[in-house]
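A.B. asks: Sequence plus predicted model, see below.
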Amino acid sequence: MSSSTLAIVQTKLNLYGYSVFMVLGTIGNAFIALLFNKQHQNACAIYLKYSAILNAIYLIYFEVIELIPVDYTDGTVKAIILCKIITYIPNFLGQITKTLVIMACIDRYLITSDRVSFRAFSTPKRAKFILIFTSIFWLIFASHVLIMQTIINGQCVRPGIYLPIYTFYAILFIATGPTIILSIFGYLAYRNMRKMQVRIQPIVNHTMDQTHFIRRKDRDLLIIVIAEVFVYLILTMLLPIILIEMTISQYAIQNKSIQYLQTEIFINNFAIFLLYVICAIPFYIYLISSKAFRRDFKQLIINAYQKLTKQGNDQIIPKPNHALTQRDTQV
């Protein structure tokens, strides 16, 4: 592609791509939060619910930053602080959501294990503790962005030695690390589920029915987690490749051409856009991959419609005239 073509594609992507996925993603994540809000006793549902909430915040925040550009040319203390905060917030938000998806995947491995001690770790109480610990951990661990990010020549950049350090951080904690962990535990959870023989037996008593119901719900959650992991692996594949290439070529190629640099920047920006897409599409992945999720979503819409129509009918029905009723009774 020529430089002008890359510039046009990048402009269209910034104008329409982020906005479309922000709207669709925010709506979808809101539905996920509503659907999983009732499942307080399921650790996996807790992880997915809060991941969806943070995904929605991430999408809206990123779009606001795109629509309201910040001027760093004055180099004031205020501009430097904005530079640090604007870069820091999406960093730790993105890391928390990735970690929660990883924990949901690990939870599916634990709950499908044939070892009772492993299954015992999958509890709502532990899930809430891990949620709090994860948030605190990434707030602190990602603080290097607050320290090192600065303004040079009117641009918010990573200066000097911090650039390769951040590149290594991004490769390990944003791209490669989560991909490897999700691949391992996703496979282990799928293998465990294949080993489990969930047979529909005649309902002898309430306990047997309850056990089968729990297993079916766990299987449904495993399906949507595996589907999300699969899509995540595909969409994050480009990021570590381009980051490694940019790091190596920085030292291997002395004088890069303008065309080469623009191509690198475009591919890197597109890889970042794919990370944005990951935060926007979980609802649609669940909708496509799980019949149970589609059924629950349909029921949610029906219940909402019935409530709205019931409220409308209640407002239309006139109130009885108590005075007239009393007078007629006296006659």
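C.D. replies: Looks like it arrived, so ask away. This is a predicted model, so every value here is computed, not measured.
A.B. asks: Not counting stretch 262-276 itself, show me its contacts.
C.D. replies: Contacts made with stretch 262-276 from outside it, assessed by CB atoms under 8 Å, 6 or more residues apart in numbering, are listed as 1, 3, 6-7, 9-10, 13, 17-18, 21, 59, 62, 94, 174, 235-236, 238-239, 242-243, 245-246, 249, 256. Where you see a C-beta, it was placed from the backbone N, CA and C, and this is true even at glycine.
A.B. asks: From the residues you listed, list the buried ones, please.
C.D. replies: 6, 10, 17-18, 21, 59, 62, 94, 174, 235-236, 238-239, 242-243, 246 (16 or more other CB atoms under 10 Å).
A.B. asks: Narrow these to those in helices?
C.D. replies: Assigned to helices by DSSP state H, the following of those qualify: 6, 10, 18, 21, 59, 62, 94, 235, 238-239, 242-243, 246.
A.B. asks: Turn the residues you listed into CSV, columns for distance to residue 158 and pLDDT.
C.D. replies: Below are those laid out as CSV (distance: CB to CB, whole Å; pLDDT from 0 to 100):
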residue, distance to residue 158, pLDDT
6, 23, 80
10, 21, 81
18, 22, 88
21, 26, 93
59, 24, 94
62, 19, 86
94, 17, 91
235, 24, 91
238, 20, 90
239, 16, 87
242, 16, 88
243, 13, 84
246, 12, 83
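A.B. asks: What residues sit buried inside stretch 296-306?
C.D. replies: Buried residues in stretch 296-306, counted by 16+ other CB under 10 Å: 296, 297.
A.B. asks: and it, how far out from the chain's middle?
C.D. replies: 23 Å (CA atoms, centre = their mean, to the nearest Å).
A.B. asks: pLDDT averaged over that stretch, what's the number?
C.D. replies: In this model, stretch 296-306 carries a mean pLDDT of 90.
A.B. asks: contacting residues around it?
C.D. replies: With CB under 8 Å, 6+ apart as the test, stretch 296-306 has contacts from 31, 34, 35, 287.
A.B. asks: Would you list the buried entries among the residues you listed?
C.D. replies: When the contacts of stretch 296-306 are checked for burial by 16+ other CB under 10 Å, the buried set is 31, 35, 287.
A.B. asks: Hmm, residue 148 is touching residue 160, no?
C.D. replies: No: here residue 148 does not reach residue 160: they are 9.0 Å apart, not a contact under CB atoms under 8 Å.
A.B. asks: which of these two has more neighbours?
C.D. replies: A count of neighbours by other CB atoms under 10 Å puts residue 148 above the other of residue 148 and residue 160, at 17 against 11.
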